[in-house]
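[1] Sequence and predicted structure below; questions after.
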Amino acid sequence: MEDKPRFAADRMVIRLARWLRLLGADVISDPDIGGAELLNRARAERRILLTRDKRLRTAPDALFIASNDLRGQLAQVIHHFRIDPRSGALTRCSLCNQPLISVPKEAVARRVPPFVFASNERFAECERCGRIYWTATHPERINAMLDSMGV
């Protein structure tokens, strides 16, 4: 198995962190932690810091995110680290970064809306926060975003 980069995203790129998680990347973030503290945590966990903080742009284990635009930010990270954005999509919780586990349909019967239960066969759950995931329109939206970026 190839080593995929692991990231820490500062509060300036929280939206980027969420999208990278949707693409399967391991990204920690906490808006309550400042840049220096997050950089120390990233170093301790061997993660690359993603930041827009100009004071951290020269850190060797940080990537300064040049764009304010989400598409530009995603494109920069995908190209810089040569990430295949479609290979691990929808395998992590977009909120807490935990890998998702498949759960039987019956296990979510009372936890999702009836129309969702009736129209989907596959479900996944985040063991940390309990959030339930199903396919719905996320794959189309993710693919549309990636297609619009030329990725």
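    Yep, it's here.

[2] how far is stretch 138-149 from where the chain is centred?
    Relative to the mean C-alpha coordinate of its chain, stretch 138-149 is positioned 14 Å out (C-alpha atoms, centre = their mean, to the nearest Å).

[3] Geometric centre of this protein: which residue is closest?
    Arg21 (1.3 Å; C-alpha atoms, centre = their mean).

[4] got a list of what that one touches?
    Shown in contact with Arg21 (C-beta atoms under 8 Å, 6 or more residues apart in numbering): Val27, Arg92, Cys93, Ser94, Asn97. Using the backbone N, CA and C atoms, a C-beta is placed for each residue, glycine as well.

[5] Mind listing what's buried along the one helix or strand it maps to?
    Assigned by DSSP states H and E, Arg21 falls within helix 14-22. Applying a neighbour-count criterion of 16 or more other C-beta atoms under 10 Å, the buried positions in helix 14-22 are Leu16, Ala17, Arg18, Trp19, Leu20, Arg21, Leu22.

[6] Out of those residues, which comes closest to Ala66?
    Leu16 (11.8 Å; C-beta to C-beta).

[7] before we move on, the earlier item: just the pLDDT for the residue nearest to the centre of the chain.
    pLDDT, Arg21: 96.

[8] ok, now how distant is it from Arg110?
    For Arg21, the distance to Arg110 (C-beta to C-beta, to the nearest Å) stands at 26 Å.

[9] swap in Arg52?
    42 Å.

[10] Same check on His80?
    When His80 is compared with Arg110 (using C-beta to C-beta), they lie 44 Å apart.

[11] When these two are compared, which one has more neighbours?
    His80 (13 against 8; other C-beta atoms under 10 Å).

[12] could you dump stretch 139-151 to PDB, C-alpha only?
    Extracted C-alpha coordinates of stretch 139-151, given in PDB (Å, rounded to 0.1, in the frame of the first residue of the first chain):
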ATOM      1  CA  PRO A 139     -20.600  11.300  -5.800                       C
ATOM      2  CA  GLU A 140     -22.100  13.300  -8.600                       C
ATOM      3  CA  ARG A 141     -21.300  16.600  -6.800                       C
ATOM      4  CA  ILE A 142     -17.700  15.500  -6.100                       C
ATOM      5  CA  ASN A 143     -17.200  14.300  -9.600                       C
ATOM      6  CA  ALA A 144     -18.700  17.600 -11.000                       C
ATOM      7  CA  MET A 145     -16.300  19.600  -8.900                       C
ATOM      8  CA  LEU A 146     -13.300  17.600  -9.900                       C
ATOM      9  CA  ASP A 147     -14.400  17.700 -13.600                       C
ATOM     10  CA  SER A 148     -14.700  21.500 -13.400                       C
ATOM     11  CA  MET A 149     -11.200  21.600 -12.100                       C
ATOM     12  CA  GLY A 150      -9.900  19.400 -14.900                       C
ATOM     13  CA  VAL A 151      -8.800  16.700 -12.400                       C
END
